[in-house]
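Visitor: Take this sequence and fold it.
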Amino acid sequence: MVPMPVARTVWTLAAACGCVMISGCARTGLSPPAGAPRHLDVPAAIVTADEVTTEAELSARGERALLEQRWKDAAAAYRLLVAADPASPRAAGYLYDLGLALEGLEDRAGARDVFLDLARRFSEGPKARSALVRAATLDAYLEDWSALAAIGDALLARPDLEDLERVVGLGARGLARVEQGQLDAIGAADIYDGLDLSDRFHYGERDVLPVAVAQLRFALGELRRMRSERIQFEPLPPDYLDKLDERCAGLLDAQAAYTQAVRSVDPHWAAMSGYRVGEMYRNLHRDLMAIPPPATSKTERQKQIFFAFMHVRYRVLLEKGLRELDQTVALGERTKDSSTWIARAREAQADMQTALSDEKAQIEKLPFTEAEIQKTLDLMTAKAIAHH
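Guide: You can find the predicted model right below:
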């Protein structure tokens, strides 16, 4: 009697649905004929606590679930496939699709980790670049700036990048550096290089921006915003009006960049940008209102006049900021966005509405009307223009 060939090694793997066993035997449990070549072996069976299936069946199931956006089913299928043979070249594709399924489930941290695992284990494969691009997008969502900088470094170190992937790498590293406080020329270099590259290849010329270009525009807005907000008014600088003009110019430049990012195909970047614009106006108003009365304001009435002038003159900053936040919150409602940025916008919106109401209530308590204050401000402005 000829002994039956030894079946392929059987091993057990922990998987989400229980134990998975991979066997060289067919589903019937029969071994291939004695002496048959190994490449003619029947497909390995994947045995779980619930079923016996094959790689081909699981792969088709996962692909179908992805197409139908049944993210949980897709993730379960691809987890089994990865666990079945983690060293197989096909595992790279299964990991990539698992990452997509986790994105669909809004498990962004889990998806990011899967993409990074793919890029690490199959660094020379064709999926590694795409995985790093997906991971960069996710880390920008997660606001993990140190991790985003590392992904940017990893992408830009590759010699096989396509132009759009290089734009992603520059945007990722540029945004991360700015968010980490690198506002000098080195911190800004990636942003400007990325914008130059995107312009050279006409990325973003359509009405809707690709995410890679929106990220660069947002990063440019962040760079300009942070630089402008370095200008403070406490203690009051001797060239206060010049500094105020400089801060306002920086605000408008930042707003122009954020407004470009609002055109992103992904509404998340629009929400981030809208919030930032509203926040800039709120911060400028806050910093101006913190300026104490001048030393020449000796009496209580003089201090009241200073308070009234400052609040009436600069109320427009609160009103502009509030309009931006109103639009951002409305965007979140239209897109059913429940992200952190929409939540921040709602909180800031409520704070600014309260601030406006409180400000008007305080002015109503003063011994002069708001109309009188505005008339005096108009006269002072006219005199200043005539003198200039």
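
Visitor: what number of residues lie near Gly104?
Guide: The local packing of Gly104 (other Cβ atoms under 10 Å) involves 17 other residues. (Glycine included, C-beta is placed from N, CA and C.)

Visitor: what's the spacing between the closest residue to it other than its chain neighbours and Leu81?
Guide: Residue nearest to Gly104 in three dimensions, not counting chain neighbours: Trp71, with 3.4 Å by Cβ to Cβ, 6 or more residues apart in numbering. Computed as Cβ to Cβ, to the nearest Å, the Trp71 to Leu81 distance reads 16 Å.

Visitor: May I have the strand or helix carrying Arg286 as PDB, with CA atoms only?
Guide: Assigned by DSSP states H and E, Arg286 belongs to helix 267-289. Only the C-alpha atoms of helix 267-289 are listed here, as PDB (Å, rounded to 0.1, in the frame of the first residue of the first chain):
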ATOM      1  CA  PRO A 267     -16.100  68.400   2.700                       C
ATOM      2  CA  HIS A 268     -13.900  67.700   5.700                       C
ATOM      3  CA  TRP A 269     -11.300  70.200   4.400                       C
ATOM      4  CA  ALA A 270     -14.000  72.700   3.800                       C
ATOM      5  CA  ALA A 271     -15.200  72.300   7.400                       C
ATOM      6  CA  MET A 272     -11.600  72.700   8.700                       C
ATOM      7  CA  SER A 273     -11.100  75.800   6.600                       C
ATOM      8  CA  GLY A 274     -14.400  77.400   7.500                       C
ATOM      9  CA  TYR A 275     -13.800  76.900  11.200                       C
ATOM     10  CA  ARG A 276     -10.300  78.400  11.000                       C
ATOM     11  CA  VAL A 277     -11.500  81.500   9.200                       C
ATOM     12  CA  GLY A 278     -14.200  82.100  11.900                       C
ATOM     13  CA  GLU A 279     -11.600  81.400  14.600                       C
ATOM     14  CA  MET A 280      -9.200  84.000  13.200                       C
ATOM     15  CA  TYR A 281     -11.800  86.700  13.400                       C
ATOM     16  CA  ARG A 282     -12.700  85.700  16.900                       C
ATOM     17  CA  ASN A 283      -9.100  85.600  18.000                       C
ATOM     18  CA  LEU A 284      -8.300  89.100  16.600                       C
ATOM     19  CA  HIS A 285     -11.400  90.500  18.300                       C
ATOM     20  CA  ARG A 286     -10.400  88.900  21.600                       C
ATOM     21  CA  ASP A 287      -6.800  90.300  21.400                       C
ATOM     22  CA  LEU A 288      -8.100  93.800  20.600                       C
ATOM     23  CA  MET A 289     -10.600  93.700  23.400                       C
END
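
Visitor: Which parts of the chain are strands?
Guide: With DSSP state E as the criterion, the chain has strands at 11-15, 18-23, 45-47, 52-54.

Visitor: lowest-confidence stretch among these?
Guide: If the strands of the chain are sorted by mean pLDDT, strand 11-15 sits at the bottom with a mean of 34.

Visitor: Can you get me a residue count around the residue nearest to Gly104?
Guide: Neighbours around Trp71, by other Cβ under 10 Å: 18.

Visitor: How about the contacts made by it?
Guide: Contact analysis of Trp71 by Cβ atoms under 8 Å, 6 or more residues apart in numbering lists 65, 101-102, 104-105.

Visitor: which helices and strands does the lengthiest helix in the chain pack with?
Guide: Under DSSP state H, the helix in the chain containing the largest number of residues is helix 300-335. Contacting helix 300-335 under the criterion 3 or more Cβ pairs under 8 Å, 6 or more residues apart in numbering; DSSP states H and E are the following elements: helix 267-289, helix 340-364, helix 370-387.
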